[in-house]
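# Here is a sequence together with a model predicted from it:
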Amino acid sequence: MENLIEKLNLLWASKILNYDYDMLLNNITFLLETLDNGQIHRYELKFKKVSMVYFVNNVGDTRFNIFEPDEDDYLEFTSISILEDVKFDIESERDEWLKQYQGKANVCIEIWSKVLLIEADSIELNNENCSLSK
């Protein structure tokens, strides 16, 4: 796992060139680009067998502040962390049926001030697969 964390740390502050959430195949894929000492590096990061996704636009009530991007804006893959014991249970007094859904995030991605929490079975970085299952 330490080797995976070292590799994922290389992705911090990278530029997101493309992303895809395939709900049919349960995969999330990012195409990322870093600039290191004048060298451009590209990475394909894929989360496989995704069973939960939770996205928040920003912290607190600022999550409601949605702005149109400028022409030269881009998304920054700010950071990525491997998580343990981050559980999600839906609470609802009106819609009781939602209580049957839960998840346990094992990856956190910061994208600028946004957060994406993912529960996935494995991560693939440039075709090298690493299991996240315990």
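It's in.

# Which strand or helix spans Ser81?
Element membership for Ser81 (DSSP states H and E) is strand 75-89.

# who does that strand pair up with?
strand 14-22 (antiparallel), strand 102-111 (antiparallel) (DSSP bridges).

# Show me which residues of the shortest one are buried.
Same thing as strand 14-22. Residues of strand 14-22 classed as buried by neighbour count (16 or more other CB atoms under 10 Å): Ser14, Ile16. For every residue, glycine as well, the C-beta is placed using N, CA and C.

# any low-confidence regions in the protein?
Applying pLDDT under 70 to the chain picks out residues 1, 134.

# Columns distance to Ile90 on top of the strands paired with strand 75-89, output as JSON lines?
Formatted as JSON lines, the strands paired with strand 75-89 follow (distance: least, CB to CB, whole Å):
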{"stretch": "strand 14-22", "distance to Ile90": "20"}
{"stretch": "strand 102-111", "distance to Ile90": "7"}
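
# So for Asn65, which of those sits nearest?
If you check each of these against Asn65 by CB to CB, strand 102-111 wins as the nearest, at 15.3 Å.

# For the closest one, output the C-alpha coordinates as PDB.
Extracted C-alpha coordinates of strand 102-111, given in PDB (Å, rounded to 0.1, in the frame of the first residue of the first chain):
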ATOM      1  CA  GLN A 102     -24.900   2.800   2.700                       C
ATOM      2  CA  GLY A 103     -21.300   2.900   1.700                       C
ATOM      3  CA  LYS A 104     -17.800   3.000   3.000                       C
ATOM      4  CA  ALA A 105     -15.400   5.400   1.200                       C
ATOM      5  CA  ASN A 106     -11.800   4.300   0.800                       C
ATOM      6  CA  VAL A 107     -10.600   7.100  -1.500                       C
ATOM      7  CA  CYS A 108     -10.900  10.900  -1.100                       C
ATOM      8  CA  ILE A 109     -10.100  13.200  -4.000                       C
ATOM      9  CA  GLU A 110      -9.900  17.000  -3.600                       C
ATOM     10  CA  ILE A 111     -10.600  18.900  -6.800                       C
END
